[in-house]
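Enquirer: sequence plus predicted model, see below.
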Amino acid sequence: MSQGRRPEIMKTVAPDVRQSARLSSARLIVRLAAIDKLATRSDFSEEDEKMIDRAMSKYFLARRRVKTIGSAVIAFLLASLLVPGSWNATARAQVGQTEEKLDYAMIAKIRDEGLNRSQVMDHISWLADVYGPRLTGSPAIKQASEWTQKKFKDWGLANIHEEEFPFGKGWSLIRFSAHMIEPQVQPLIGYPKSWTPGMGSPVTAEVIYAPIQSEADFEKYRGKLRGRMVLTQPAREVEMLEGRLVLRMTDEDLKEAETTPIPQPRAGRGGQRGRDRALQTKIQNFYLSEGVVALLDRGSDNFMSEGGSELSWRTQRTDGGTVFVGTGGPRNENAGKVPPAITLAVEHYNRMMRILEKDLPVKVELDVRTQFHDETGMNGFNIIAEIPGTDLASEVVMIGAHFDSVHAATGATDNATGCAAMMEVMRILKTVGARPRRTIRIALWGGEEEGLLGSRAYVRRHFADPVDKKVKPEHEKLAAYFNIDNGTGKIRGVWLQGNLGVRSIFEQWIEPLRDLGVTTLGPRSVSGTDHLAFDAVGLPGFQFMQDRLEYNARSHHSNMDVVDRVQRDDMIQMATVAAVFAYNAAMRDEKLPRKALPPAMVDRAN
């Protein structure tokens, strides 16, 4: 709308917006009707007519709802008329589409509680500062579960329990320190890989560079490694921090998110991956039989990382003492039958490599103490709790996030943030007195970091088994599943997983959330987290679209995944948006539309 025309609109509606507490239904209609009359002005431009079209759409929506919604929500609708672009193109053209019966009064209550009295940062601090890291099978994750279940009980949730699944041996770190002591003394930044054994007591040993790439290298190093620590990789160049480090979704990123990429041909790597794993097992066994003290590496060869969600954005990894640590051994009966393995900061690793290239000796003092936890029962578990429904209580809306973490830090952005946001959803809904028609169930998953183990076990037990293709009665009762697992960034929309039937529904749901930055529905399927367990058996499972911020550059699976990297305002927005989605899904007359069952499951279902 032209700047000259905006004051007229403001003059028409603003007086009653400022007095929204006393706004009556009749006065609302009068004011909106005044906007109607502006369309008869002969000097209106094409741009002005588009603005009137937006206003009229909201006018008729408000007029239909004016008898049932409160004055505070009416003021919210009026105010939104003044925001350019607040009514997107698809929503303007919803003629013939089913109108969602949104409870704007309850949405306003959810927004008020979520934005003004949030407790999400306190949840994160307890999960990460006090109980992190939360490796599945460790004592810490069990302590975190006990605290979480107590919070659920305090909030008045129902059916609070753990559901166990087999996992293997747990692991925890007892103590670690590393120092180069020759040719000079330097504390080394690093972290042991998970599921590797300890050493019993500190060990000082000479360092040797012995990269083994194939079985042909065995003879080259046979008899030369006993009692030594082995550097397993060449040095890597450390780049200046000139790349994109913080990923806030730009207009270009959001536009790309609205597209569906053409799938690339499958590379046929399945057999090669199996051969790679077999070779790595042989290499580990060789190092072990040769009596090495420990294996030292500096992590990935890449200083750039994918930004995530199959978008083209990329981010630069920060280095500078940030260490991205992986898993170093199995969880089964062979747990601990590998050498101790430590990932060092690339800068400290490179220094030792340069000294060795000068034919000077390097010695390191290392202290690694770890503990394995036998699976006497079942080490894996999911945490479940509910807000019972009313007239549709047998149907369920699920929200979730993975509760476990990796071990190198406290698991703050991966994934105390997602857990805390979903916990806050339940607290908000209980606090505002929501009475959902469907049961709202939260699930905090274990074993995600080892391959979505918890969510897949839950889906097999309750809904369907993607292996034997058997569909269970509860399959028909799930209305939707919403997941959070992409760090601390605010929600920008939803990935639809190719479920185009929900688009027109979600378009209406995000309208009252656009002022919080929720604008985009991405049609593509994204991977890597627990919604996939639901999607694999034809259930409507969705991952929220988030700003990635420093997630892949600094905090994901690193020693810097700590509470200091969590963004408070984004977390408050995240929990509030998720609460609105959970409530809307629980209140609509029908469950959300589904994609077709995978073909092999159709016959079983029939």
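Expert: That came in fine, so what should we check first?

Enquirer: would you map out the domains in this structure?
Expert: As assigned by automatic domain parsing, the chain contains the domains 6-87, 119-168+376-605, 170-261+270-373.

Enquirer: what's the neighbour count on the residue lying closest to residue 513 once chain neighbours are set aside?
Expert: Spatial nearest neighbour of residue 513, chain neighbours left out: residue 577 (5.6 Å); criterion: Cβ to Cβ, 6 or more residues apart in numbering. Just so you know, the C-beta spots here come from the backbone N, C-alpha and C atoms, and that holds for glycine as well. Using other Cβ atoms under 10 Å, residue 577 has 29 neighbouring residues.

Enquirer: please apply the same query to residue 354.
Expert: Residue 354 has 11 neighbouring residues, counting by other Cβ under 10 Å.

Enquirer: tell me the phi and psi of it?
Expert: Backbone torsions for residue 354, taken as degrees, to the nearest 10, come to phi -70, psi -40.

Enquirer: relative to residue 458, how far out is residue 149?
Expert: Plainly put, residue 149 is 17 Å away from residue 458 if you go by Cβ to Cβ, to the nearest Å.

Enquirer: what's the answer for residue 357, then?
Expert: Per Cβ to Cβ, residue 357 is found 52 Å from residue 458.

Enquirer: okay, these two: which has more neighbours?
Expert: A direct count of neighbours by other Cβ under 10 Å for residue 357 and residue 458 places residue 458 higher, at 22 against 10.

Enquirer: ok, now which ones touch the more buried one?
Expert: The neighbours of residue 458, taking Cβ atoms under 8 Å, 6 or more residues apart in numbering as the test, are 163, 165, 382, 443, 445, 533.

Enquirer: tell me the most packed of these, by neighbour count.
Expert: Ranked by neighbour count (other Cβ under 10 Å), the contacts of residue 458 have residue 445 at the top, with 32 neighbours.

Enquirer: which helix or which strand is home to the closest residue to that residue other than its chain neighbours?
Expert: In space, residue 445 comes closest to residue 454 once its chain neighbours are excluded; the distance is 3.7 Å by Cβ to Cβ, 6+ apart. Using DSSP states H and E, residue 454 sits in helix 453-462.

Enquirer: ok, then the element right after that helix?
Expert: strand 478-483.

Enquirer: just the contacts of residue 458: which are in strands?
Expert: Among the contacts of residue 458, the members found in strands (DSSP state E) are 163, 165, 382, 443, 445.

Enquirer: redo those residues as a markdown table? Include pLDDT.
Expert: Compiled in a markdown table, the ones in strands among the contacts of residue 458 are given as follows (pLDDT from 0 to 100):
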| residue | pLDDT |
| --- | --- |
| 163 | 98 |
| 165 | 98 |
| 382 | 98 |
| 443 | 98 |
| 445 | 98 |
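
Enquirer: of the residues you listed, just say which sits nearest to residue 282.
Expert: Residue 282 lies nearest to residue 165 out of these, by Cβ to Cβ, at 30.7 Å.

Enquirer: how much space separates residue 341 from residue 297?
Expert: According to Cβ to Cβ, residue 341 stands 7 Å off from residue 297.

Enquirer: so what's the nearest residue in space to residue 381 that is not next to it in sequence bridging to?
Expert: Computed as Cβ to Cβ, 6+ apart, the closest residue to residue 381 that is not its neighbour in sequence is residue 162, at 4.3 Å. For residue 162, the beta-bridge partners are residue 383 (DSSP bridges).

Enquirer: what's the answer for residue 482, then?
Expert: residue 399, residue 542.
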